[in-house]
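Trainee: Starting from these lines, generate the structure:
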Amino acid sequence: MVVPQVAPDGVRQTINAYITPAQTTWNVRSALNVAALNCLSAEHTNILPNYQLFLDNFKKPLAKANDTVEAQFRERYGDRKTGRAEMDSYMTKVYNYFTLPPAKAEFCDAALEMSNEAVLVAPADLESFSARALARFEGVFEDFFRAFERYETNLATWDRLYGTPAGLYPSTVPSYGPATQVAGAEPAQGDNGVRLLDAPIAEGTGETSGRVELGAQTDSMMSVPQESQTVDVGASTAAATEDSAAPTIVLPETLATGSPEEIQGPPAPDPSR
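Mentor: Residues are numbered from 1 along each chain as shown. Next up is the predicted model:
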């Protein structure tokens, strides 16, 4: 909604600003016409008969005001056809102005008040009455415009102090399902400095060994050295494993020697010898 601005002279630039006395009279007639059609609540029932009496009492002065307005538009725009088109366009804006929905209740109250006064006005006093009536109608819209401007000011202040900048929150609703990724972490280390691998354990096959299977790479095995005497992993250990409820991986204890022959076994024979 565009609120008419207030000029440096203090006049709000509505459709009724700076108009002639004849235009003022004609616009008041338009305001009462709008009220007779739109103000249909029980408390406003007198507006319609008052408006009909207004048209009867001021038939000649109203006709004169209309002729004067047409002449003013014709003079302003150079010819009758253009002047008439501009007048029709202007009067459409006048009717739309008086039908502003947010101000309807107050407008209807003002129309009832002015229509009650209109039936007591002498025909010679129509111009002065119209000036008062238009000021009364304009007061309704001025009150609304000021209230709307206060609302806009308060809203801007609220947004500045408490509002959330656009784009801070994502436009789509995030998923709250199970996480599919976890943050990486350095492998843990035992007391002896050996790095411990967090790898899947292969299911038991009836035999145990001192090797850990890494993931799906079934051909990649790793022997984990320790620092004490060698423990023979034999059939008795395998039998014990078969009796257990879950597969167990038995790792050799710390080796007694660190020589490659004892850790990895003797080298392959040399065919040349």
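
Trainee: residues near Val3, how many?
Mentor: Using other Cβ atoms under 10 Å, Val3 is surrounded by 15 other residues. (C-beta placed from N, C-alpha, C; glycine too.)

Trainee: Now it: closest residue in space, sequence neighbours ignored.
Mentor: Spatial nearest neighbour of Val3, excluding adjacent residues (Cβ to Cβ, 6 or more residues apart in numbering): Phe145 at 5.0 Å.

Trainee: Show me which residues of the helix or strand containing that neighbour are buried.
Mentor: Per DSSP states H and E, Phe145 falls inside helix 126-162. Residues of helix 126-162 classed as buried by neighbour count (16 or more other Cβ atoms under 10 Å): 126, 129-130, 133-134, 136-138, 140-142, 144-145.

Trainee: follow-up on the earlier one: okay, the residue nearest to Val3 and Gly139: tell me how far apart.
Mentor: Using Cβ to Cβ, to the nearest Å, Phe145 is found at 11 Å from Gly139.

Trainee: who does the helix or strand containing Val94 touch, helix- and strand-wise?
Mentor: Assigned by DSSP H and E, Val94 belongs to helix 80-98. Contact here means 3 or more Cβ pairs under 8 Å, 6 or more residues apart in numbering; DSSP states H and E; on that basis helix 80-98 packs against helix 21-38, helix 59-77.

Trainee: pLDDT of the helix or strand following the shortest one, averaged?
Mentor: When you say that, I think you mean helix 21-38. Remark: after helix 21-38, the chain's next helix or strand is helix 47-57, criterion DSSP H and E. The average pLDDT for helix 47-57 rounds to 98.

Trainee: Once you drop chain neighbours, what's closest to Phe54?
Mentor: Ala118 (4.7 Å).

Trainee: Which residues are in contact with the one you found?
Mentor: The neighbours of Ala118, taking Cβ atoms under 8 Å, 6 or more residues apart in numbering as the test, are Leu32, Asn50, Leu53, Phe54, Asn57, Phe129, Ala133.

Trainee: let's see it at 7 Å
Mentor: Neighbour list for Ala118: Asn50, Phe54, Phe129 [criterion: Cβ atoms under 7 Å, 6 or more residues apart in numbering].

Trainee: Reformat these as a markdown table; add distance to Thr92.
Mentor: Below are the contacts of Ala118 laid out as a markdown table (distance: Cβ to Cβ, whole Å):
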| residue | distance to Thr92 |
| --- | --- |
| Asn50 | 25 |
| Phe54 | 22 |
| Phe129 | 25 |
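
Trainee: from those, which single one is nearest Thr157?
Mentor: Nearest to Thr157 among the contacts of Ala118: Phe129, at 42.4 Å, using Cβ to Cβ.

Trainee: which SS state does the spatially closest residue to that closest one that is not a sequence neighbour fall under?
Mentor: Spatial nearest neighbour of Phe129, chain neighbours left out: Val121 (4.5 Å); criterion: Cβ to Cβ, 6+ apart. Put simply, Val121 is coil when judged by DSSP: H, G, I helix; E, B strand; the rest coil.

Trainee: what number of residues lie near Val121?
Mentor: 18.

Trainee: Could you check how far it is from Val69?
Mentor: Val121 is 20 Å from Val69, by Cβ to Cβ.

Trainee: Kindly report the same for Phe145.
Mentor: According to Cβ to Cβ, Phe145 and Val69 sit 25 Å apart.

Trainee: now the buried residues of helix 126-162 as a markdown table including pLDDT and distance to Phe73?
Mentor: Below are these laid out as a markdown table (pLDDT from 0 to 100; distance: Cβ to Cβ, whole Å):
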| residue | pLDDT | distance to Phe73 |
| --- | --- | --- |
| Leu126 | 97 | 21 |
| Phe129 | 98 | 24 |
| Ser130 | 98 | 18 |
| Ala133 | 98 | 22 |
| Leu134 | 98 | 19 |
| Arg136 | 98 | 26 |
| Phe137 | 98 | 22 |
| Glu138 | 98 | 22 |
| Val140 | 97 | 27 |
| Phe141 | 97 | 24 |
| Glu142 | 96 | 26 |
| Phe144 | 94 | 29 |
| Phe145 | 94 | 27 |
